[in-house]
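Visitor: Sequence first, then the predicted structure:
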Amino acid sequence: MTNNTSAASGAPVKLRSKKGHERRTNGAIYTVLTVMSIVWLVPFVFLVLQSFRSYKLEKGGMVDYLLPKHFSLDNYAFLFEGSNFFSWCGRALLAALACAVVTALLVHAAGKWLDGRDAAGRGARVGAIGGCLAAGFVVLMALAAALQGFSLAANLVRVACTLIAFLLLGWVIARVYLKQDSKLLRSIPGYVVEDKHEGAKKLIAMMAEFLVLAVLVQYVLKPMEMSQYVRWYVNTLTIALFTSVIQTAIVLSVSYALSRLRFKGRKLIMNTVLVLGLFPGFLTMITLYFLLKQMGLTQAGAVPGLILIYCASSGMGYYISKGFFDTIPKSLDESARIDGATRFQVFLKIIMPLAKPIVIYTILMAFMAPWGDYVFASYVAFGHQNGYNVAVGLYNWVNTNDFQNYFTRFCAGGVLVAVPITALFLALQKYYVEGVTGGAVKG
């Protein structure tokens, strides 16, 4: 007659607690995920520990113990033997720091001078910006020449071309920012942080930009002496950086066009790309190799050849980006178009600021693909060691050389390969998740 008593004994029935059930379920899920994480991390922990096992004091490849008997940096030192990597980069860092400080002081002085002149037009401000950038560039070149030991007089043409390109870039940036904000401080590269009290961030941003310029200038005028591993690492980094920039621009442009524009053949293009995407890319390896060989982009020219391969069909990966753009209201585009904005201005100034997660996701995916690629990289380089990336080079170490002696050095090289990807994911994981989930809402 009652729901809370047992028919046989008359004892009350104990009802199951919903919170207790959820707690047990969550505990089981967390336990399984923890075990999976440990299993997934064990090989990486083994790789890191073995990289500190001295190949001089402990002979042998894979061993039956986890902790090295002699902790040493011998394997990492071997990777940089014959290279002036650390001194070369340290000099570039010193030059960039000095240029950032000098340019920051010049910008501050020019900003104060122009803020008190309401009549100062755009031409005066652009001229001031150009003057600050030119002064910073002169300091950079003088320091680079003094620290790296090359003659400016013997490289006047290269120096002049680099200066023109740098000032042209500064002028373009100045024109872009002056249309939005007339303050000189926000028109200088590196000075785009909105909070005026965050001077340290502005200085760090400017130093980073001068560091990139210093590396480029020194690489042209005084190339780094590279070991075998450093050359492979530079090849991999060069391919990944160029691919991430070019591929991101192509993917986002194609995604925006297919999301916002309606034109004849749009559905046909999307369906055709979808069908072509079902076939793996390595089916075209032989054809691609002979095409690249005709253009001189194999073996010694493997780096630009691989960049071309990775970027050529990148527009086919528009699915997630298009899905993210579909979630942005089209009324924003229409309002901007009514105010006179062009399609490109809508894309650059309205859609891109709202699409930060998908932009970062696209950059990450474009960076990761060539970073760990082995199949195409080994095929295009085809035995030419200076054209290898890190994956191909490390594999050849343990495949063609003595496996027993090169195993620990292979582990050290693998650890250094994992550092950039790990750092990127730790810093950008929030945007990565937002980009994936946001792009999966609509197709």
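Guide: Happy to help now that I have it.
Visitor: Could you find the residue nearest the spatial middle of this protein?
Guide: Nearest to the geometric centre of the chain sits F367, at 5.4 Å (CA atoms, centre = their mean).
Visitor: Quick check: it touching T243?
Guide: Yes. Look at F367 against T243 with CB atoms under 8 Å: they come within range, at 7.2 Å. Heads up, the C-betas are built off the backbone N, CA and C, glycines and all.
Visitor: any idea how far K59 lies from R53?
Guide: For K59, the distance to R53 (CB to CB, to the nearest Å) stands at 10 Å.
Visitor: mind checking the end-to-end distance for stretch 67-76?
Guide: 17 Å (CA to CA, to the nearest Å).
Visitor: now it: how far from the chain's centre is it?
Guide: 30 Å (CA atoms, centre = their mean, to the nearest Å).
Visitor: Going forward, the N-terminal residue is numbered 335.
Guide: Shifting the count to begin at 335 puts that one at stretch 401-410.
Visitor: Identify each buried residue in it, please.
Guide: In terms of neighbour count (16 or more other CB atoms under 10 Å), stretch 401-410 has its buried residues at 402, 406, 408-410.
Visitor: Dump those residues into CSV; add distance to G651 and secondary structure as well.
Guide: Output for the buried residues of stretch 401-410, formatted as CSV (distance: CB to CB, whole Å; DSSP: H, G, I helix; E, B strand; the rest coil):
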residue, distance to G651, secondary structure
P402, 42, coil
S406, 43, coil
D408, 42, helix
N409, 37, helix
Y410, 36, helix
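Visitor: about what we covered before: neighbour-wise, which of K393 and R387 wins?
Guide: Neighbours per residue, other CB atoms under 10 Å: of K393 and R387, the larger number sits with R387, 23 against 11.
Visitor: Now the phi/psi pair for that one, please.
Guide: Backbone torsions for R387, taken as degrees, to the nearest 10, come to phi -90, psi 120.
Visitor: Excluding residues flanking it in the chain, which one is nearest it?
Guide: With CB to CB, 6 or more residues apart in numbering as the criterion, R387 has its nearest non-adjacent residue at 3.7 Å, and that residue is P402.
Visitor: Next, format the buried residues of stretch 401-410 as TSV and append pLDDT and distance to A429.
Guide: As requested, the buried residues of stretch 401-410 are exported to TSV (pLDDT from 0 to 100; distance: CB to CB, whole Å):
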residue	pLDDT	distance to A429
P402	83	38
S406	85	33
D408	87	32
N409	87	31
Y410	89	26
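Visitor: lowest average confidence, helix or strand, in the chain?
Guide: helix 490-512 (a mean of 65; mean pLDDT, DSSP states H and E).
Visitor: picking up where we left off before, now for the buried residues of stretch 401-410: which two are most distant?
Guide: P402 and Y410 (13.2 Å; CB to CB).
Visitor: which residues are in contact with both of those two?
Guide: Residues touching both P402 and Y410 (CB atoms under 8 Å, 6 or more residues apart in numbering): none.
Visitor: domains of the chain?
Guide: The record assigns the chain these domain ranges, following automatic domain parsing: 352-413, 419-773.
Visitor: Report the separation between the two terminal residues of the shortest one.
Guide: To tie it back to what came earlier, the one meant is domain 352-413. Domain 352-413: ends 58 Å apart by CA to CA.
Visitor: From the chain's centroid, how far away is it?
Guide: 26 Å.
Visitor: Could you do stretch 640-660 as well?
Guide: In terms of CA atoms, centre = their mean, the centre of stretch 640-660 is set 16 Å apart from its chain centre.
Visitor: Show me what the mean pLDDT comes to for that stretch.
Guide: If you average the pLDDT over stretch 640-660, you get 85.
Visitor: swap in stretch 719-739?
Guide: Taken as a whole, stretch 719-739 carries a mean pLDDT of 82.
Visitor: Run through who's touching it.
Guide: Here stretch 719-739 makes contact (CB under 8 Å, 6+ apart) with 389, 393-395, 562-563, 565-567, 569-570, 573, 632-637, 640, 704, 706-708, 711-712, 714-715, 740-741, 743-744, 747-748, 751.
Visitor: Alpha carbons of that stretch, in PDB - could you do that?
Guide: Provided in PDB are the C-alpha atoms of stretch 719-739 (Å, rounded to 0.1, in the frame of the first residue of the first chain):
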ATOM      1  CA  GLN A 719      70.900  15.700 -45.800                       C
ATOM      2  CA  ASN A 720      70.800  19.500 -46.000                       C
ATOM      3  CA  GLY A 721      67.200  19.300 -47.100                       C
ATOM      4  CA  TYR A 722      66.000  17.100 -44.300                       C
ATOM      5  CA  ASN A 723      63.600  18.100 -41.600                       C
ATOM      6  CA  VAL A 724      64.000  16.900 -38.000                       C
ATOM      7  CA  ALA A 725      61.800  13.900 -38.400                       C
ATOM      8  CA  VAL A 726      63.700  12.500 -41.400                       C
ATOM      9  CA  GLY A 727      67.100  13.400 -39.900                       C
ATOM     10  CA  LEU A 728      66.400  11.700 -36.600                       C
ATOM     11  CA  TYR A 729      65.000   8.600 -38.300                       C
ATOM     12  CA  ASN A 730      68.100   8.300 -40.400                       C
ATOM     13  CA  TRP A 731      70.300   8.600 -37.300                       C
ATOM     14  CA  VAL A 732      68.900   5.400 -35.800                       C
ATOM     15  CA  ASN A 733      68.200   3.700 -39.100                       C
ATOM     16  CA  THR A 734      71.500   4.100 -41.000                       C
ATOM     17  CA  ASN A 735      73.900   4.800 -38.200                       C
ATOM     18  CA  ASP A 736      74.600   2.700 -35.100                       C
ATOM     19  CA  PHE A 737      71.300   2.400 -33.300                       C
ATOM     20  CA  GLN A 738      73.000   1.500 -30.000                       C
ATOM     21  CA  ASN A 739      75.100   4.600 -29.900                       C
END
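Visitor: got the buried residues for it?
Guide: By 16+ other CB under 10 Å, the buried positions in stretch 719-739 come out as 721-728, 730-732.
Visitor: And stretch 421-428, by the same measure?
Guide: Of all the residues in stretch 421-428, those buried under the rule 16+ other CB under 10 Å are 422, 425-426.
Visitor: Just put those residues in TSV and tack on distance to L610.
Guide: TSV is the format used below for these (distance: CB to CB, whole Å):
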residue	distance to L610
W422	44
R425	48
A426	43
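Visitor: Need the residues you listed in JSON lines (columns: secondary structure).
Guide: Listed next are these as JSON lines, based on DSSP: H, G, I helix; E, B strand; the rest coil:
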{"residue": "W422", "secondary structure": "helix"}
{"residue": "R425", "secondary structure": "helix"}
{"residue": "A426", "secondary structure": "helix"}
